[in-house]
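Visitor: Structure here, sequence nowhere to be found:
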């Protein structure tokens, strides 16, 4: 499996056109959709805790009552994964995990995402020049 974020203008426009075809509103600026999930794991052993450098409370997600790691993924209009990142323990919020992610740093960098294009995300993300999130109570 080849997980590759589209880096050329042509590839990003091609992704955006894929979303436009599926959109009822001719949305033509979306390169990908981002979301986070808890990747379940067993409770870390004492040996594991020494290796990772923190205890089980960091990997315990209180909201889901499970041990896990925060996994973030971006998919294109054909539901193919174009970016995946596991960078935070399960206790971290989706907002914090995105804020500290490599993909956010790349998106903020000039020239990575071409002007007028963005990712679509949920409320864990913040509206910006590279991210479009839903607005509450607009209807």
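Guide: Structure received. None of these values were measured; they are calculated from a predicted model. Numbers count the residues shown, from 1 in each chain.

Visitor: low-confidence ranges in the chain?
Guide: By pLDDT under 70, the weakly predicted segments of the chain are 1, 136-139.

Visitor: got the residue ranges for the strands in it?
Guide: Under the criterion DSSP state E, the chain carries strands at the ranges 30-40, 60-61, 66-75, 81-89, 118-120, 131-132.

Visitor: Mean neighbour count and distance to residue 12 added to these, as a markdown table?
Guide: All C-beta atoms are positioned from the backbone trio N, CA, C, and that covers glycine. As requested, the strands of the chain are exported to a markdown table (neighbours: other CB atoms under 10 Å; distance: least, CB to CB, whole Å):
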| stretch | mean neighbour count | distance to residue 12 |
| --- | --- | --- |
| strand 30-40 | 19 | 5 |
| strand 60-61 | 18 | 33 |
| strand 66-75 | 19 | 12 |
| strand 81-89 | 18 | 10 |
| strand 118-120 | 21 | 10 |
| strand 131-132 | 18 | 15 |
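
Visitor: JSON lines for these, including distance to residue 112?
Guide: Shown next, in JSON lines, are those (distance: least, CB to CB, whole Å):
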{"stretch": "strand 30-40", "distance to residue 112": "10"}
{"stretch": "strand 60-61", "distance to residue 112": "30"}
{"stretch": "strand 66-75", "distance to residue 112": "13"}
{"stretch": "strand 81-89", "distance to residue 112": "12"}
{"stretch": "strand 118-120", "distance to residue 112": "11"}
{"stretch": "strand 131-132", "distance to residue 112": "13"}
